[in-house]
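Q: Sequence and computational prediction follow.
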Amino acid sequence: VIQCSGSGACAEGEGCFDGKCLTLCEESRDCESEAICQFGYCHQKVTCTLSEQCPSASQCIDATCQ
């Protein structure tokens, strides 16, 4: 789902990256614990792509074992 098409389409403190509004950052400490600062934006850390990569009681949902 495309959320934005330019920098003016996002909330204050966010920028448009690959069609998504992401929090702007300068270092990883600027991001939430589930995110990493890359290219000036907080990106979600990917810990899995398949449920088989998670412990038996968990499923891979939104790139994290839950």
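A: Thanks, I have it.
Q: Going by contacts, tell me the helices and strands next to the least confident helix or strand in the chain by mean pLDDT.
A: For the chain, using mean pLDDT, DSSP states H and E, the weakest element among its helices and strands is strand 64-65, scoring a mean of 82. Contact here means 3 or more CB pairs under 8 Å, 6 or more residues apart in numbering; DSSP states H and E; on that basis strand 64-65 packs against no helix or strand. Just so you know, the C-beta spots here come from the backbone N, C-alpha and C atoms, and that holds for glycine as well.
Q: Tell me which strands it pairs with, and in which orientation.
A: Applying DSSP bridges, strand 64-65 is found paired with strand 60-61 (antiparallel).
Q: and C31, how many neighbours?
A: 20 (other CB atoms under 10 Å).
Q: follow-up on the earlier one: how far does the least confident helix or strand of the chain sit from its chain's centre?
A: 13 Å (CA atoms, centre = their mean, to the nearest Å).
Q: Mind listing residues that contact it?
A: 34, 44-48, 53-55, 58-59 (CB atoms under 8 Å, 6 or more residues apart in numbering).
Q: Likewise for stretch 33-49?
A: Against stretch 33-49 from outside (CB under 8 Å, 6+ apart): 15, 17, 22-28, 30-32, 53-54, 60, 62-65.
Q: and those, which are buried?
A: If you count burial by 16 or more other CB atoms under 10 Å, the buried members of these come out as 15, 17, 22-25, 31, 54, 60.
Q: Now go through those and say which are in strands.
A: 15, 17, 22-23, 60 (DSSP state E).
Q: The residue positioned nearest the centre of the chain pairs with what?
A: Centroid check for the chain by CA atoms, centre = their mean gives Q44 as the closest residue, at 2.7 Å. Applying DSSP bridges to Q44 gives these bridge partners: A35.
Q: so what's C16 scoring on pLDDT?
A: You'll see C16 listed with a pLDDT of 92.
Q: The residue of the chain most remote from its centre and C48: what is the separation?
A: For the chain, the largest distance from the centre (CA atoms, centre = their mean) belongs to S56, which lies 24.6 Å off. Counting by CB to CB, to the nearest Å, the gap from S56 to C48 is 13 Å.
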